[in-house]
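Enquirer: sequence unknown, structure follows:
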């Protein structure tokens, strides 16, 4: 599989997780090309929606995909899907390259870090099932709630900016987010 | 450690999407170091963001970008699956978790406290956010912070000791989100000084005339 990427084509056969595992375990370039074909046009679309110009969006996509290759061995499908893992890499590079800002994050190796009380179920099958339940629940949210989640992720707006954009009181936006997230929590069996 | 007060869902969403500015994110991320349940929620929100990425319309890229990516695969370092063990991380002498420690401690691991008067101290933290102030506050055991209202938003994360106000009791890891209009008088519990991270986007408005007069000198 060589040559130009075909942006429209989803991977035939292998899942995104399996492709990323192939990159992780054996630096499989064909698998990486399939990942690129799938994610690069989606990442670019996301970045355009967040106000990046086409050139800058491609720069961020380039850095994201190179980082996916270099960090692939750190990918753990029990913790997050390939899409989630790549989403977070893209988000952090966007903050770094477009906003020239840093993103504070907790550090798992820090002695003051409070670990999870019981090990989270650590297999990829359970995690996939959780993701499916979550997306099904998102699809069932009322439009007034899902609209806010979309603006948040697609346009990278804070809830305060979303309130302004929709002409709603801040309290209304906050309570819609609270309703949406408590629905999601109950769907995946958390409280 | 049981945490009773958490960031609002709206704030967790802003953090997960990446929209939240650095100073506010510092308060959320430091709470996450204490709080497995909020970490789990942020993880779920990231999965939702990823689900949206999966379903977005496609924007075609230039061939040049593909070629640039492929040509860079062989260069640069590849990170090993098991990162080489670093020197063991020493706990902060001040009991601060990351990422706050990086912002608050100097190279010698100390906090450069400035006295505020009335026994309280602060340490201003430098972030890239204009118009938002992040600081550590140390309120002496048993002492009140003057009663005040807020012009904007104030996030407070307790790091050690505890305080109480009209909304409840806050101890290490607890997070308070005070909106415009909230009037409260936090009071540090006796026994130990209360150390907090406080992030604000507008000066606090003190109720008593004495506190208002002292405010410019206190630097709050």
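Expert: Ah, there it is. Computed from a predicted structure; not experimentally measured.

Enquirer: which residues touch the residue nearest to the spatial centre of chain B?
Expert: For chain B, the residue sitting closest to the mean C-alpha position, by Cα atoms, centre = their mean, is residue B:27 at 1.0 Å. Going by Cβ atoms under 8 Å, 6 or more residues apart in numbering or on different chains, residue B:27 touches B:7, B:134, B:155-157, B:175, B:197, B:199. C-beta here means a position set from N, CA and C on the backbone, and glycine is covered the same way.

Enquirer: confirm that it sits in a helix.
Expert: Yes: counting by DSSP: H, G, I helix; E, B strand; the rest coil, residue B:27 is found in a helix.

Enquirer: for the spatially closest residue to it that is not a sequence neighbour, pull up the helix or strand it's in.
Expert: Take residue B:27 and drop its neighbours on the chain: the residue closest to it by Cβ to Cβ, 6 or more residues apart in numbering or on different chains is residue B:155, 4.3 Å away. Taking DSSP states H and E as the definition, one finds residue B:155 inside strand B:154-160.

Enquirer: biggest helix in the chain, by residue count?
Expert: Since you didn't name a chain, this refers to chain A. With secondary structure taken from DSSP state H, chain A has its longest helix at helix A:29-49.

Enquirer: was after chain B, sorry
Expert: Per DSSP H, chain B has its longest helix at helix B:36-54.

Enquirer: helices or strands next to it in the packing?
Expert: Helices and strands touching helix B:36-54, by 3 or more Cβ pairs under 8 Å, 6 or more residues apart in numbering or on different chains; DSSP states H and E, are helix A:29-49, helix A:82-97, helix A:124-139, helix A:143-154, helix A:170-187, helix B:9-17, helix B:22-34.

Enquirer: following the fourth one, which helix or strand shows up next?
Expert: For helix A:143-154, the following helix or strand on the C-terminal side (DSSP H and E) is helix A:159-166.

Enquirer: show me what the lowest-mean-pLDDT helix or strand in chain A is packed up against.
Expert: Comparing helices and strands within chain A by mean pLDDT, DSSP states H and E singles out helix A:124-139 as the least confident, with a mean of 90. If you count contacts as 3+ Cβ pairs under 8 Å, 6+ apart, helix A:124-139 packs onto helix A:143-154, helix A:170-187, helix B:36-54.

Enquirer: quickly check: the second one near chain B or not.
Expert: Yes: using Cβ under 8 Å from any Cβ of the partner chain as the criterion, contacts between helix A:170-187 and chain B involve A:173-174, A:177-178, A:180-182, A:184-185.

Enquirer: ok, which of the helices and strands packed on helix A:124-139 comes nearest residue A:125?
Expert: Of all the helices and strands packed on helix A:124-139, it is helix B:36-54 that lies closest to residue A:125, at 15.3 Å by Cβ to Cβ.

Enquirer: measure how that closest one sits relative to helix A:29-49, angle-wise.
Expert: Helix B:36-54 and helix A:29-49 meet at an angle of 90 degrees, taking axes from the mean of the first three to the mean of the last three Cα atoms, to 10 degrees as the criterion.

Enquirer: list the residues that contact the nearest residue to residue B:57 once chain neighbours are set aside.
Expert: Leaving aside its sequence neighbours, residue B:57 sits nearest to residue A:45 (Cβ to Cβ, 6+ apart; 5.5 Å). Residues in contact with residue A:45 (Cβ under 8 Å, 6+ apart) are B:56-59.

Enquirer: ok, back up a step: with mean pLDDT, mean neighbour count and distance to residue A:77 added, can I get the helices and strands packed on helix A:124-139 in a markdown table?
Expert: A markdown table is the format used below for those (pLDDT from 0 to 100; neighbours: other Cβ atoms under 10 Å in any protein chain shown; distance: least, Cβ to Cβ, whole Å):
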| stretch | mean pLDDT | mean neighbour count | distance to residue A:77 |
| --- | --- | --- | --- |
| helix A:143-154 | 95 | 19 | 22 |
| helix A:170-187 | 94 | 18 | 21 |
| helix B:36-54 | 94 | 21 | 13 |
